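Enquirer: here you go, sequence then predicted model.
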Amino acid sequence: MVTIDWKFEAPKIFKAICKEKTKNKENQENKENQENKENQENKEINVNETHYQFEIVRIKDVSTKREYLDIKMKVDGNDNGKISVEPSNIAQGLLSLREYGIMFSDDNSRIKLARCIEQKYQQIEVSVQTESNNKIANARFDVFLGAIGEYVRAAEDQRKSGLSYVLVADFDAIALDCGYQPFEINGLRNLLKDQDYIHVPDKSNKSNRNTLIIRLRGKVTRVIGFKDEKMVAGKYYDKLDDKTTDSKKAAQGE
């Protein structure tokens, strides 16, 4: 892990400019109003003079071998959340610091921090999924399959011929809700394919595709087809025939 201490330089520069402006306007009318305005600006600037600390770890996805950065933040020594950033565009990823109240004085400060991370990149510890932390990965995968099970139970009209279809947009939303990062979703699909949870086209030709094109409710739709046999065996949902029979019996009061 690499820790970067960071103090923004821009506020100090801005204060110097404010003082220079005040000096030049000492003989102008409305001097009192100008001074009040400068005092207010300085109060706002002082809020930004904060010590930030970023603890960074490289996370390598076991399936795809891709990496992302986990950045834990501290403000004046206090924990202030964590973000995940793609190495391909660190400067852009740092914009999400705003969601945690860390507001850069200007884009130049953010870019400087991004460059600092890039320069120290090879020194950052790499964390991969080893045997000891596979339990965490497996638990997240199981939660995801459980969420897919809930989706399928609520969308029985999307089940046909031993497959349960999940719209790609819904699949991605469920994955994100279960803690997967956007850049982990392809790896998740590959894991489902490798473990035979989903039906893929052209398997004999070793196709990289893991989605299907079907006509659903009269529209051509891209979906991911979960195998009922595998999902039922994992008790993520029941066989469609069994549920249909039970529903009919309940309706008949049996």
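Expert: Sure thing, it's come through.

Enquirer: V128: neighbour count?
Expert: Neighbours of V128 under the rule other CB atoms under 10 Å: 12. Bear in mind the C-beta positions are built from the backbone N, C-alpha and C, glycine included.

Enquirer: start the count at 57, not 1, going forward
Expert: OK, 57 is where the count begins now, so the last one is V184.

Enquirer: need the pLDDT of it.
Expert: If you check V184, the pLDDT there is 72.

Enquirer: show me what it is bridged to.
Expert: Counting by DSSP bridges, V184 is bridged to K116.

Enquirer: confirm that L150 sits in a helix.
Expert: Yes - secondary structure of L150 (DSSP: H, G, I helix; E, B strand; the rest coil): part of a helix.

Enquirer: check which helix or strand the closest residue to it other than its chain neighbours maps to.
Expert: The shortest distance from L150 to any non-neighbouring residue, by CB to CB, 6 or more residues apart in numbering, is to R166 (5.2 Å). R166 is part of helix 163-175 when elements are defined by DSSP states H and E.

Enquirer: that helix packs against which elements?
Expert: The contact analysis (3 or more CB pairs under 8 Å, 6 or more residues apart in numbering; DSSP states H and E) places helix 163-175 against strand 58-63, strand 107-116, helix 146-149.

Enquirer: who does the longest one touch, helix- and strand-wise?
Expert: Strand 107-116 sits against strand 58-63, strand 123-131, helix 163-175, strand 182-184, with contacts defined as 3+ CB pairs under 8 Å, 6+ apart.

Enquirer: D117 contacts N242, doesn't it?
Expert: No - assessed by CB atoms under 8 Å, D117 is found out of contact with N242, at 9.2 Å.

Enquirer: now for the residue nearest to L150: which residues touch it?
Expert: Neighbour list for R166: 147, 150-151, 160 [criterion: CB atoms under 8 Å, 6 or more residues apart in numbering].

Enquirer: strand partners (parallel or antiparallel) of the one helix or strand I270 maps to?
Expert: Per DSSP H and E, I270 falls inside strand 268-272. Strand pairing for strand 268-272, determined by DSSP bridges: strand 275-283 (antiparallel).

Enquirer: buried stuff in the helix or strand just after the partner strand?
Expert: As assigned by DSSP H and E, the chain's next helix or strand after strand 275-283 is helix 284-289. Residues of helix 284-289 classed as buried by neighbour count (16 or more other CB atoms under 10 Å): 284, 286-288.

Enquirer: what does stretch 249-267 give?
Expert: Neighbour-count burial for stretch 249-267 flags 249, 253-256, 266-267 (criterion: 16+ other CB under 10 Å).

Enquirer: how about stretch 151-169?
Expert: Within stretch 151-169, the residues that qualify as buried are 153, 158, 160-161, 165-166, 168-169, counting by 16+ other CB under 10 Å.

Enquirer: swap in stretch 167-181?
Expert: Result for stretch 167-181 [16+ other CB under 10 Å]: buried residues 168-170, 173, 180.

Enquirer: tell me which two in those residues are the farthest apart.
Expert: K168 and I180 (17.5 Å; CB to CB).

Enquirer: on that earlier part again, among the buried residues of stretch 249-267, which ones are in strands?
Expert: The members of those that map onto strands under DSSP state E are 254-255.

Enquirer: now render the buried residues of stretch 249-267 as JSON lines, adding distance to P238 and pLDDT.
Expert: Output for the buried residues of stretch 249-267, formatted as JSON lines (distance: CB to CB, whole Å; pLDDT from 0 to 100):
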{"residue": "K249", "distance to P238": "19", "pLDDT": "91"}
{"residue": "Y253", "distance to P238": "21", "pLDDT": "95"}
{"residue": "I254", "distance to P238": "19", "pLDDT": "95"}
{"residue": "H255", "distance to P238": "24", "pLDDT": "94"}
{"residue": "V256", "distance to P238": "21", "pLDDT": "89"}
{"residue": "N266", "distance to P238": "16", "pLDDT": "89"}
{"residue": "T267", "distance to P238": "16", "pLDDT": "92"}
